[in-house]
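Undergrad: Next come a sequence and a model predicted from it.
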Amino acid sequence: MPDATGLELIAAEVRERLGGEAVVGTMYHRGQATLDVAPAAVRDAIAFLKDHADEPYELLMSVHGCDYFPEEPRLAVHYQLLAMQRTDRLGVRTRMGADDARVPSVVDLFPGADFQEREVFDMFGVVFDGHPDLRRILMPEDYEGYPQRRDFPMGGEPVLFTFNEHEMPRWYD
Amino acid sequence: MLLEQVLFFVAAAGAIGGALGVVLLRNPFFSVLALVAHLISLALLFLLLRAEFIAAAQLVVYAGAVMVLYVFVVAYVGGVEETVGGEGAIGRVGPVFAGALLVELCIAIIGSALPAIDSRGPHVAAGFGSPGAIGKLLLEKFLIPFEAASFLLLVAAVGAVVLARRRRGLEDSVG
Amino acid sequence: MTRLPLASVSFVESTGVQIVKAVVIFAFVLVVVPMILLLERKLLGRFQARLGPNRVGPYGLLQPLADVLKLLSKERFTPSTAVPWMMAMAPAISIFTAVVTLAIIPFGDVRRHGLFGASYGLYGIDVSIGILWAFAFGALAFYGLMLGGWASGSKYSFLGAMRSAAQLISYEVSLGLSLVGVVITAGSLSLTQIVNSQDHIWYVVPQFVGFCIFMVAAFAETNRPPFDLPEADAEIVAGYNTEFGGMRFGSFFMAEYINMVAIAGIATAMFLGGWHGPGPGWLDPIWVLVKMFGFIVLFIWIRATLPRLRYDQLMAFGWKILLPLATVNALVTAILVAT
Amino acid sequence: MTDRPLDVPYREREQSVSLERMPGRQAPVYGTEIEPETELFTINMGPHHPATHGVLRLLLTLEGEIVRSLTPIIGYVHTGIEKSCEDQAYWKVIPFVERMDYLAYYFNAQAFCMAVERLVDEEVPPRAQYLRVIHLELNRIASHLFWLGTSALDLGAISLLWYALRDREKILDIFEMSSGQRLHPRYFQVGGVVEDIPPGFEQKVRAFLPDMASRIDQYEAILDRNEILLQRLKHVGQVPLETLLGLGVTGPLLRAAGHPWDLRKAMPYSSYDHFDFKIPIGTQGDHYDRYRVRMAEMRESLKIVEQALDGLPEGPYITDNRKIALPPRHELATSMEALIHHFKLVTEGFRVPPGEVYVAIESPRGELGCFIVADGSAKPARVHMRDPSFVNLQMLRHMAEGRLIADLVAGVAMLDPILGGIDR
Amino acid sequence: MNAVWFLVLSAFIFCIGAAGVIARRNPLVILLCLELMLNAGNLALISFSRMLGNREGQVFALIVMVVAACEVVVGLGLIVAMYRRRLPLDVDEVRELRG
């Protein structure tokens, strides 16, 4: 794990490479380092970390979304990078508002991000620019809304049984 | 009525029905099935004529191998439906020609002077059409046709392989 | 009583006797298939460290009855893409060709069984074409599977039908050639004569290679594991009988088991000396049944043991190993017999 | 592939044991050279299909028997567990996450508990860590046994399913002994485990270990010398190591390709560094190696369980932090404070300081990550499970395209996807 | 049954086959109709054989079967080749000889 100083060093390198506004901030919590990156710069930052000369993070383990609802910007996409040789993890986070939820896709860098980015799109409505096949993955294709956002109601889905199918007009649409 | 006659008429009806089905059905898959029915009826007729080995060969070779090839090819190229008869003179001439041929053949058969043609044939021994008897005849008297037939089979097999092979070079020029 | 005007048979019986025999064979099928079904389920249970059916009746003996009742009570459905009359016909063809093959299996010699002063052959019919009879109807059995798969209008069924067709064709050649050695040695195609000529030695000894080829090809011809590709449940759901339910499926199912019995009978007659065995003459049919039973247990045993082959491996094995081996076997036998 | 330099501390720790075999090439498939413009047809394999291990739907484009393209379609058992977790107190989330990967339930609970423990900065007592290891490794064996049975069934060997399930039953009996449940036991708690193991538990596990070892020998005797099985598995479904790493594939699938990556060694948690075990790796990365790696992993797990039993320390089985763990039952009668703690924990649960963590453990299928965002309340703001099946599923295309349907089925079997984990 | 019945039946089948060959345009069906004609010939051969009480007709029926099998194999090979090259499966439209 990069410690707090190491994280600052990485952040400085990323800033140096991609410009000052690329890195929004850093976060070091419970021994875990997370780099806060601007949405537009996230692909470049991850590409930089992947091909870092000294300390490459060559694997992308997880991509997941998050909704910090009352806070703004509320939506976030997390990337968990892994350096297998050094057994080191680094989180990359990018936050954006719900209205302009667009992030460049990293599928070309890490093909494994394919399904995970689709899941984030499915659940949070974050659009990944450059994703080859951005469709819903877990919810039905014609589903409306993004169920994992915090303002999406819990338990709002009526369950269809044979005894109540008449109470659900046009359920078959 | 003798059992033999019942069997004959049943088999004859099957044979003619199958033959008509081959010609009249539009979907080639059903045509193939009609021919299978026709072949089975013919095998029954062969049995009536005491040619049991031929009947078995008919089933094994024709129904079991040749028609399977047909089924495969029809499944491969798909059922291409077409109209029967169709446009043009040939479509109308065909049945007329066939009818004329039929009349002529019937005159030839029924009006034939052959004395044995209207008989049941001589009494034959039990092993008349048995594999042993046919095989003996085939290897002793008709060895050259037998060998020629096997050579023909070989040529046909090679020819089929050559025909069905993929030739990438030529494919492009034909488009 | 007139005689059937059909092909000549070496021992001719009256039509009435033939009808009785036909009824007996059919009854035999109806009795033996549920028994094999139960045997298979019980044996599989034992092979798999479990009990097998034991709820219906004492020791689960009525399980086949329950199975049949369940199948009978099932809804008969037809996919909208199917050809209904063909779907109805296909299981019938399968059953028919399977039962007909049973007719030539000899359970005993003709001379030794007298009843009411006449003598009867303990077989359905002893045709001079003998084993070719089985092949003729085996060839027709193809249409049961093919029509079933094609008429279902389902892609899985179609895949299964194509698989079964390819498999039946490929292995029928080996099956036939493996028996050529026996036929040459016995000098006859008739099953009774072949059994009779095994007086001194069963053909499984001189024709061991042929026997092995026959067994392998027989597994493939009956679609039993490890050659159950036409109905490989893990791959193509249930192959050609995917869309069949109720008694139509039951018919396919039954046909498979009758085929198993028929193949076991042919193997018994061709290789294991048919009714030959120690003991008095009336034991003959028992011996045949015991030998067939052994084969059926082998079928079940193999099913519990072996995984399934892959399609290309199946084809390669059939054409590249089994067929040349069978050909060489037939040639060598022919040369040995001729000299 | 395997000779990439791993000259880092991990290399010294990993102690991989290689299943060396003769190098080979991809087994030939007859008919793969069919030209692309011939008839293709599309078929839906699943969601109701005997070989898709749940409700996985594969949209296949076939050319005869050969798979030309493959698209997995998932979501049929999506139950919104991650969303539901946001409405539960932390300790009530555990039964939810256990139902994700329903064959490796202890692992889900472990990942979640570790993440919460990280957030509240709570140490787990050594005895609880050892007890967790025992259950985790037994669960790994159970999961691999289920994989073994279903895989063999997919390959047509029906009997092995029953043998494997028979032994899995014994493991479930052990689970039942410690927690009262066979599946989804909710045995792991934040800060430890629910209860200490009952008397007789250790004897039962000790009796099971040699038994299971001999069973594994039997299974290998059945499968390893079976020519049909070898033909079906060897040199089939090889995927280059670079592709695997790019896809983020972990677990036995990655190890079979020769990469000794195991989080138990790489980033030890729950005192896995106390135990002496090896990481089995393959050389070819084909189905056969995947099979062998999992079989060898079962043996290693047996070793770990035995060591954990031998070295099982005395002490509390759960943290004595009353803010997190329930007080012992006997204290309720005597201590007012204990009663209050009990009341608060049961009605409201404990509060977790704001923060977010991502914790990963090695599940039977690969890296199982748990990402939790805490907002300071008694309910998590976000729970996400990085399920290995979900990520590994993307590899299926690389394994199966251009090969026969039977190889696809073998591929699904060797992938060992759990749809509950994929769809969550 | 007298042999004349079989011969008339054979004539019927032959004519149906001939009509099919002329009228149908699908090469597959034309091949099937050729089979019909060959089978009619076989039936005639075998009924003559029975009529005369010698087996030579049966031998020739066997050889006709072999010829038919060869014809089918080559014909189907042609049809498959036509299909592969995207030629119409219609004998009226395939007029040109080209490689």
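TA: Happy to help now that I have it.

Undergrad: in chain E, what residue is nearest chain D?
TA: Residue nearest to chain D within chain E: E:Arg84 (7.6 Å; C-beta to the nearest C-beta). All C-beta spots, glycine's among them, are computed from the backbone N, C-alpha and C.

Undergrad: Neighbours of that residue, how many?
TA: Around E:Arg84 there are 20 other residues, counting by other C-beta atoms under 10 Å in any protein chain shown.

Undergrad: go on, B:Gly94?
TA: Neighbours of B:Gly94 using other C-beta under 10 Å come to 21.

Undergrad: ok, the helix or strand containing it near chain E or not?
TA: Taking DSSP states H and E as the criterion, B:Gly94 maps to helix B:88-110. Yes - for helix B:88-110 and chain E, the contact criterion (C-beta under 8 Å from any C-beta of the partner chain) is met by B:88, B:90-91, B:93-95, B:97-99, B:101-102, B:105-106, B:109-110.

Undergrad: Next secondary structure after that helix?
TA: helix B:131-140.

Undergrad: That following helix and chain E, any residue contact?
TA: Yes - contact of helix B:131-140 with chain E (C-beta under 8 Å from any C-beta) involves B:133-134, B:137-138.

Undergrad: which of those has the most neighbours?
TA: B:Ile134 leads those on contacts (other C-beta under 10 Å) with 24 neighbours.

Undergrad: sorry, back to before: what comes up buried for the helix holding B:Gly94?
TA: B:91, B:94-95, B:97-98, B:102, B:105-106, B:109 (16 or more other C-beta atoms under 10 Å in any protein chain shown).

Undergrad: how about that helix as CSV, C-alpha atoms only?
TA: The C-alpha coordinates for helix B:88-110 follow below in CSV (Å, rounded to 0.1, in the frame of the first residue of the first chain):
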residue,chain,number,x,y,z
GLY,B,88,-42.9,-22.3,-70.1
ALA,B,89,-43.8,-25.1,-72.5
ILE,B,90,-41.7,-27.7,-70.7
GLY,B,91,-43.8,-27.6,-67.6
ARG,B,92,-46.9,-28.5,-69.6
VAL,B,93,-45.2,-30.9,-72.0
GLY,B,94,-43.8,-33.0,-69.2
PRO,B,95,-47.0,-34.6,-67.9
VAL,B,96,-48.3,-35.0,-71.5
PHE,B,97,-45.1,-36.7,-72.5
ALA,B,98,-45.2,-38.9,-69.4
GLY,B,99,-48.8,-39.9,-70.1
ALA,B,100,-47.9,-40.8,-73.7
LEU,B,101,-45.0,-42.9,-72.5
LEU,B,102,-47.2,-44.7,-70.0
VAL,B,103,-49.8,-45.6,-72.6
GLU,B,104,-47.1,-46.9,-74.8
LEU,B,105,-45.4,-48.9,-72.1
CYS,B,106,-48.7,-50.4,-71.0
ILE,B,107,-49.5,-51.4,-74.6
ALA,B,108,-46.1,-53.0,-74.8
ILE,B,109,-46.4,-54.9,-71.6
ILE,B,110,-50.0,-56.1,-71.9
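
Undergrad: quick one: what helix or strand has the most centrally placed residue in chain A in it?
TA: When C-alpha atoms, centre = their mean is applied to chain A, the residue found nearest the centroid is A:Val77 (2.3 Å). Assigned by DSSP H and E, A:Val77 falls within strand A:75-83.

Undergrad: Show me what that strand is packed against.
TA: Here strand A:75-83 touches helix A:42-50, strand A:59-67, strand A:88-96, helix A:113-124, strand D:355-363, strand D:366-374, going by 3 or more C-beta pairs under 8 Å, 6 or more residues apart in numbering or on different chains; DSSP states H and E.

Undergrad: Could you check how far the last one is from the centre of its chain?
TA: The gap between the average C-alpha position of strand D:366-374 and the chain average comes to 14 Å, counting by C-alpha atoms, centre = their mean, to the nearest Å.

Undergrad: After it, which helix or strand is next? Please name it.
TA: Next along from strand D:366-374, by DSSP H and E: strand D:380-386.

Undergrad: What strands line up against that next one, and which way round?
TA: When pairing is defined by DSSP bridges, strand D:380-386 lines up against strand D:366-374 (antiparallel).

Undergrad: could you dump the partner strand to PDB, C-alpha only?
TA: What follows is strand D:366-374, C-alpha atoms only, in PDB (Å, rounded to 0.1, in the frame of the first residue of the first chain):
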ATOM      1  CA  GLY D 366     -10.900 -15.600  -7.200                       C
ATOM      2  CA  GLU D 367     -10.600 -12.200  -5.700                       C
ATOM      3  CA  LEU D 368     -13.800 -11.400  -3.800                       C
ATOM      4  CA  GLY D 369     -13.700  -7.700  -3.000                       C
ATOM      5  CA  CYS D 370     -16.000  -5.800  -0.700                       C
ATOM      6  CA  PHE D 371     -16.400  -2.100  -1.100                       C
ATOM      7  CA  ILE D 372     -18.200  -0.300   1.700                       C
ATOM      8  CA  VAL D 373     -19.000   3.400   2.000                       C
ATOM      9  CA  ALA D 374     -20.000   4.400   5.500                       C
END
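
Undergrad: tilt between that strand and strand A:75-83?
TA: Counting by axes from the mean of the first three to the mean of the last three C-alpha atoms, to 10 degrees, strand D:366-374 lies at 140 degrees to strand A:75-83.

Undergrad: Appreciated, that's everything.
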